[in-house]
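Student: Sequence and predicted structure below; questions after.
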Amino acid sequence: MSSDQLVDLQDDSPSPAALDHLQLVQSNQWPPDEPVSLSKSASDIKNLGGTSHLPWDDPFYDIARHQIVEVAGDDHFGRKVIVFNACRMPPQHQLDHHKLLMYLKQTLDKYVESDYTLIYFHHGMTSDNKPSLNWIRDAYREFDRKYKKNIKALYIVHPTMFIRTILILFKPIISFKFGRKINYINYLSELEEVVKCEQLVIPRTVREYDDKIRLSQKPSAVTVLDSPTLSPSLPFQQFGVPLLILRERGANAEGIPLVMFQTIGFLQENGLQTEGIFRRSANVFQVKEIKQKYNSGEEVNFSQGDVHLAAVILKTFLRELPEPLLTYQLYNDIVNFHNVDSQSKAETIRNMLMSLTEESYASLRFLVQFLAQVSANSDVNKMTNPNLAVVFGPNLLWGQDAAMTLSAIGPINNFTRILLDLNQEIFTK
């Protein structure tokens, strides 16, 4: 990955004086955009949006409909992914930037208690839609320690001289710890080290721009990364393999895959009292090592201190299934489940789950019953059913194109919460 980290020698919390006395240039003194970074037209930017996961009378509807901010499940390290699309920002006079900031905070509020990753697609930021430097300064000040503490990485995709200059201007107020989290990503292929790009709703103009700059480089300058999942043809493969095949590769008598019953068994013994279980990420090298051991047929033993590692391995296993545990067949029914009458929700879910294969049903029941144990200890671990639904919803269901939008994540998380709330009624013998 080609990444430059912004590093300075400030303390973690810059002083108010540094913020207030930051010398800001006027709008007409912005660093010039590189010509290749411009979108086709203002109408092209406008047409990227148009739909919203919020009702029309919601105070943030006019912001959400542009789809500037999206949530995209987990990255390879078990961290929630928040995406900001510059190309979807309309011209300055059509966007209330203060309200955009408040909307971004409202979105992050659902996830900041967990480790998370922020991906910023810079392509499409133009002289027409760029916010003022004062707004950027105020935004950094607005996002206090609550938001900065658990952000593990900020990836700036397709950086230009413009964005690099901005970061230099703001260097006096960016803390040392936060600066270390900033990484430049020159090509989408580099982003594959962090997250599966297919699960991101990447705007068409961004993909076209990436294709253009890749073609303009020498073949050796751009490396297309392999998928992090090994080929299912390996005899002991556990990740990225259908449940039917896994039944023959170490599953227990009920067909629960090896990774699931080992991680859940470990977490039942060691993790139920761990505060923030499933909210923390794990060391990337340890995650890769454990996956490699499982895929090679080696024995895996978690130590008592590996609660968060085991939790990430479980989520990663679910996310890398070729088909989600709740299956593509149930996708539309689940996204539209909010229309089901409250009195018949349990029966409706039972009928829906009848379409699952024996392996999928057994694995889902095993997982949900374990999560019920986690929730039963929520006074200690702080993981209630709504919190668990936010964590597991995107790992239990996604569309066939793998991309996740806020309009789909909300209903999926809501269904997952109901599944946990009514688990005793649903999974009756």
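Tutor: Thanks, I have it. Being a predicted model, the structure only gives us computed values, none of them experimental.

Student: which residues of the stretch 1-150 of the chain score low on pLDDT?
Tutor: 1-52 (pLDDT under 70).

Student: now do 80
Tutor: The stretch 1-150 of the chain contains residues with pLDDT under 80 at 1-55, 144-145.

Student: which residues in it form strands?
Tutor: Assigned by DSSP state E, counting those that start in this stretch, the strands in the stretch 1-150 of the chain fall at 69-74, 80-85, 116-121.

Student: would a markdown table of those with distance to residue 398 be doable?
Tutor: For the C-beta atoms, the positions are set from N, CA and C on the backbone; glycine is no exception. Shown next, in a markdown table, are these (distance: least, Cβ to Cβ, whole Å):
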| stretch | distance to residue 398 |
| --- | --- |
| strand 69-74 | 7 |
| strand 80-85 | 13 |
| strand 116-121 | 17 |
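
Student: Those into a markdown table, with extra columns for mean neighbour count and distance to residue 323?
Tutor: Listed next are the strands of the stretch 1-150 of the chain as a markdown table, based on neighbours: other Cβ atoms under 10 Å; distance: least, Cβ to Cβ, whole Å:
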| stretch | mean neighbour count | distance to residue 323 |
| --- | --- | --- |
| strand 69-74 | 23 | 15 |
| strand 80-85 | 24 | 21 |
| strand 116-121 | 23 | 25 |
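
Student: Relative to residue 101, which of these is closest?
Tutor: strand 69-74 (10.6 Å; Cβ to Cβ).

Student: What is the distance between the closest one and the centre of its chain?
Tutor: Strand 69-74 sits 4 Å away from the centroid of its parent chain (Cα atoms, centre = their mean, to the nearest Å).

Student: and it, what other elements does it pack with?
Tutor: Applying 3 or more Cβ pairs under 8 Å, 6 or more residues apart in numbering; DSSP states H and E, one finds that strand 69-74 contacts strand 80-85, helix 97-109, helix 307-319, helix 385-396, helix 406-421.

Student: Of all the strands of the stretch 1-150 of the chain, which one is nearest residue 288?
Tutor: strand 69-74 (15.4 Å).

Student: about what we covered before: between the strands of the stretch 1-150 of the chain, which one is closest to residue 96.
Tutor: Comparing the strands of the stretch 1-150 of the chain by Cβ to Cβ, strand 69-74 comes nearest, at 14.1 Å.

Student: Can you identify each of the strands in the stretch 251-400 of the chain by residue range?
Tutor: Applying DSSP E, counting those that start in this stretch to the stretch 251-400 of the chain gives no strands.

Student: can you tell me how far the residue nearest to residue 284 when sequence neighbours are not counted sits from residue 325?
Tutor: Excluding its sequence neighbours, the residue lying closest to residue 284 (Cβ to Cβ, 6 or more residues apart in numbering) is residue 77, at 5.4 Å. With distances taken as Cβ to Cβ, to the nearest Å, residue 77 is found 21 Å from residue 325.

Student: Next: residue 97.
Tutor: Residue 97 is 40 Å from residue 325, by Cβ to Cβ.

Student: more crowded one of those two?
Tutor: Just comparing residue 97 and residue 325: by other Cβ atoms under 10 Å the higher neighbour count belongs to residue 325, 21 against 17.

Student: where does the stretch 151-300 of the chain dip in pLDDT?
Tutor: Checking the stretch 151-300 of the chain against pLDDT under 80 turns up 169-176, 217-234, 251.

Student: go again using 70 as the cut-off
Tutor: 218-233.

Student: in it, which spans are helices?
Tutor: Using DSSP state H, counting those that start in this stretch, the helices of the stretch 151-300 of the chain run over 161-169, 176-179, 188-191, 204-215, 243-246, 258-270, 284-296.

Student: closest one to residue 312 among those helices?
Tutor: That would be helix 284-296 among the helices of the stretch 151-300 of the chain, by Cβ to Cβ, at 5.9 Å.

Student: Count the residues that sit near the nearest residue to residue 159 once chain neighbours are set aside.
Tutor: Spatial nearest neighbour of residue 159, excluding adjacent residues (Cβ to Cβ, 6+ apart): residue 184 at 4.7 Å. Neighbour count for residue 184, taken as other Cβ under 10 Å: 20.

Student: Same check on residue 316?
Tutor: Neighbours of residue 316 (other Cβ under 10 Å): 24.

Student: hang on, isn't it packed against residue 79?
Tutor: No. If you go by Cβ atoms under 8 Å, residue 316 and residue 79 don't touch, sitting 11.1 Å apart.

Student: Give me the neighbour count for residue 296.
Tutor: The local packing of residue 296 (other Cβ under 10 Å) involves 13 other residues.

Student: From what I see, it and residue 236 are in contact.
Tutor: Yes. At 5.9 Å, residue 296 counts as touching residue 236 under the criterion of Cβ under 8 Å.

Student: Identify, by residue count, the longest helix of the chain.
Tutor: helix 358-376 (DSSP state H).

Student: C-alpha coordinates for that one, CSV please?
Tutor: Taking C-alpha atoms only, helix 358-376 is exported to CSV below (Å, rounded to 0.1, in the frame of the first residue of the first chain):
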residue,chain,number,x,y,z
GLU,A,358,-29.9,-27.5,7.4
GLU,A,359,-26.4,-26.1,7.8
SER,A,360,-27.4,-22.5,7.6
TYR,A,361,-30.3,-22.9,10.1
ALA,A,362,-28.2,-24.8,12.6
SER,A,363,-25.3,-22.2,12.4
LEU,A,364,-27.7,-19.3,12.7
ARG,A,365,-29.5,-20.8,15.7
PHE,A,366,-26.1,-21.6,17.4
LEU,A,367,-24.9,-18.0,16.8
VAL,A,368,-28.1,-16.3,18.0
GLN,A,369,-28.3,-18.4,21.1
PHE,A,370,-24.8,-17.5,21.9
LEU,A,371,-25.5,-13.8,21.3
ALA,A,372,-28.4,-14.1,23.7
GLN,A,373,-25.9,-15.2,26.3
VAL,A,374,-23.8,-12.1,25.5
SER,A,375,-26.8,-9.8,25.9
ALA,A,376,-27.7,-11.5,29.2
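
Student: Fine by me, we can end here.
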